[in-house]
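# here's my sequence, what's the structure:
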Amino acid sequence: MNRLSRTIEQKVSARVPVEEMERLFSLGYHLIPCGGEDGKKPLRSGWNAPKSRRMPLETVFKIMRKHDSCTYGVRLDGLAVVDCDTWDDGTREYVSKRFPEPNARVWTSRGAHLYFGAGQAMPTNLRTAEMSIDFKAGHNHFVIGPGSVRPDGRTYDPDGHPLPPIRELTRFRVINAVGDTPTSALPNVANVVPTQAFTRQLIKIGDRNAALLKHAVSLGHASVSLIELVKDVTLWASIHCDNPQTVTVAEIKKACSSVWRMRQSGKLYASRQSEFRMPRAAFDLINAGAGSGAGNCLLLYSYLVQSHGHTAAKPFAVVSEAIARSKRVALSKSTIDRCKQTLRDLGLIRLLRKGKHMEPDLYMLTPVSQIGNPIPTAQ
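Okay, here's the model as predicted:
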């Protein structure tokens, strides 16, 4: 035990996992003080600021001591945690079929925290009558750290081995994300028992189809088969839809089949792991007509397509200063201005409306079928 540990142990409760917290901090984990009635409330505002520096360990202990707390949180920078509030046969089977075996696990009073290195996009949380799983990743999320003791005596215990360095954690991914063979043998899902205890606001009938499709998309990469996707969406609908007994098999099959076709063809959205298309005609126009600035124009056009190509009929602003400041493309404001004008001259984007007062101009991507045939733009 080093000098810092000895000094800290003299100032905090004996139940605080001083050595484990010090070890995790030295490995680069982002620790935050927690407390409150259940021991799970962050004790410092702004704990989830996106680019905040790690709080000094001495400060974490100072805040914990002030609130007589023996719990701390691990902010999930570079981490992903599958937080299982149930750990029965059904939960274990669900997790083992969909995700790789973790090399770090912490037992909780109700289930387990499965630690992974950040990887693929996380699925949406799962709530059924038998199963409760949260999927957490990034600076906006945290879990109570190993060794913590809550006010009611509940503990968080590592499964035999302490958490390793973040770079050594198993990378989170969805098993069988691509290449599964779809099947037409769908189960009879008409008799699912509604269970709405987890939902505050139920989805009305008029909003149901869009909600079913959205949830099916969120589970599309995590589902092992089309049958499993239908089962998961059916359970979700029984919980979240108003009058779930009126949800038909046809509605669920339509949403799930559509998502499964997109997955099989590689078109299912997967956050930053997803793909987007760019017309070859646009590449040819930029290459032939943009001169020495072709590379920069191609970069800006690619950015516009990946940001707005999926909602082609929706106008958008191109605010050069904001784009340059966001660092989303490696171009300066003046370069973006020049490229924007070039794309207009080539007919790849069109000005729909001039901005008035403090409003920006609004643009639209030219439809693929019309590229090469410049369209008159607004003056």
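
# Ala211 is in contact with Glu251, correct?
No. Here Glu251 lies out of contact with Ala211, judged by Cβ atoms under 8 Å, at a distance of 10.4 Å. Bear in mind the C-beta positions are built from the backbone N, C-alpha and C, glycine included.

# any chance you could map the helices in the stretch 51-200 of the chain?
57-66, 89-98 (DSSP state H, counting those that start in this stretch).

# no no, the stretch 201-350 of the chain
Counting by DSSP H, counting those that start in this stretch, the helices of the stretch 201-350 of the chain are 208-219, 226-240, 249-264, 280-289, 294-308, 320-326, 333-345.

# closest one to Met131 among those?
Judged by Cβ to Cβ, the one of the helices of the stretch 201-350 of the chain that comes nearest to Met131 is helix 226-240, at 8.5 Å.

# pull the distance from the closest one to the chain's centre.
20 Å (Cα atoms, centre = their mean, to the nearest Å).

# check stretch 349-363 too.
32 Å.

# buried stuff in it?
Ile349, Arg350, Leu351, Asp361, Leu362, Tyr363 (16 or more other Cβ atoms under 10 Å).

# returning to what we had before: tell me which of the helices of the stretch 201-350 of the chain sits most buried.
helix 226-240 (a mean of 21; mean count of other Cβ atoms under 10 Å).

# now the angle from it to helix 208-219?
Angle, helix 226-240 to helix 208-219, by axes from the mean of the first three to the mean of the last three Cα atoms, to 10 degrees: 130 degrees.

# what's the average pLDDT for helix 226-240?
Averaged over helix 226-240, pLDDT sits at 84.

# show me where pLDDT drops low in the stretch 251-379 of the chain?
Residues of the stretch 251-379 of the chain meeting the criterion pLDDT under 70: 269-275, 312, 372-379.

# how about the helices of the stretch 201-350 of the chain in JSON lines, adding distance to Ile166?
Rendered in JSON lines, the data for these read as follows (distance: least, Cβ to Cβ, whole Å):
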{"stretch": "helix 208-219", "distance to Ile166": "26"}
{"stretch": "helix 226-240", "distance to Ile166": "30"}
{"stretch": "helix 249-264", "distance to Ile166": "30"}
{"stretch": "helix 280-289", "distance to Ile166": "39"}
{"stretch": "helix 294-308", "distance to Ile166": "29"}
{"stretch": "helix 320-326", "distance to Ile166": "26"}
{"stretch": "helix 333-345", "distance to Ile166": "36"}
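
# now the strands for the stretch 51-200 of the chain?
71-84, 105-107, 112-117, 126-127, 132-144, 157-158 (DSSP state E, counting those that start in this stretch).

# can I get these in JSON lines including mean pLDDT and mean neighbour count?
Below are the strands of the stretch 51-200 of the chain laid out as JSON lines (pLDDT from 0 to 100; neighbours: other Cβ atoms under 10 Å):
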{"stretch": "strand 71-84", "mean pLDDT": "94", "mean neighbour count": "24"}
{"stretch": "strand 105-107", "mean pLDDT": "96", "mean neighbour count": "20"}
{"stretch": "strand 112-117", "mean pLDDT": "96", "mean neighbour count": "23"}
{"stretch": "strand 126-127", "mean pLDDT": "84", "mean neighbour count": "20"}
{"stretch": "strand 132-144", "mean pLDDT": "92", "mean neighbour count": "19"}
{"stretch": "strand 157-158", "mean pLDDT": "94", "mean neighbour count": "15"}
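
# closest one to Gly291 out of the buried residues of stretch 349-363, please.
Ile349 (17.9 Å).

# verify the stated contact: the closest one with Tyr363.
Yes. Assessed by Cβ under 8 Å, Ile349 is found in contact with Tyr363 at 4.9 Å.

# which neighbours do those two have in common?
Counting by Cβ atoms under 8 Å, 6 or more residues apart in numbering, the shared contacts of Ile349 and Tyr363 are Val318.

# mind showing which ranges of the stretch 101-250 of the chain have poor pLDDT?
Ranges of the stretch 101-250 of the chain meeting pLDDT under 70: 176-201.

# again, 80 this time
120-121, 124, 129, 175-201, 221-224, 238-239, 242-245 (pLDDT under 80).

# would you say Gly355 is within a strand?
No. Remark: Gly355 does not belong to a strand; assigned using DSSP: H, G, I helix; E, B strand; the rest coil, it is coil.

# need the contact list for it.
Contacts of Gly355 (Cβ under 8 Å, 6+ apart): Ala317, Asp361, Leu362.

# got the contact list for the closest residue to the first one other than its chain neighbours?
When the adjacent residues along the chain are set aside, Ala317 lies closest to Pro360, with 3.9 Å between them (Cβ to Cβ, 6 or more residues apart in numbering). Taking Cβ under 8 Å, 6+ apart as the definition of contact, the neighbours of Pro360 are Ala317, Val318, Val319.

# among the buried residues of stretch 349-363, which are located in strands?
Counted as lying in strands by DSSP state E, out of the buried residues of stretch 349-363, are Ile349, Arg350, Leu351, Leu362, Tyr363.

# from Ser320, how far off is the fourth one?
Applying Cβ to Cβ, to the nearest Å, the value for Leu362 to Ser320 is 14 Å.

# the third one now?
Taking Cβ to Cβ as the measure, Leu351 falls 14 Å from Ser320.

# Leu268 contacts Gly220, doesn't it?
Yes. In this structure, Leu268 is within contact of Gly220 by Cβ under 8 Å, at 4.8 Å.

# between these two, what contacts are shared?
Val259, Met262.

# tell me how this protein divides into domains.
3-86+105-168, 176-272, 280-370 (automatic domain parsing).

# can I get the ones you listed in TSV with distance to Val95?
Putting the domains of the chain into TSV (distance: least, Cβ to Cβ, whole Å) gives the following:
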stretch	distance to Val95
domain 3-86+105-168	6
domain 176-272	10
domain 280-370	31
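
# just the pLDDT for the nearest residue to Val16 once chain neighbours are set aside.
Counting by Cβ to Cβ, 6+ apart, Val16 lies nearest to Cys70, which is 5.1 Å off, once chain neighbours are set aside. With respect to pLDDT, Cys70 scores 95.
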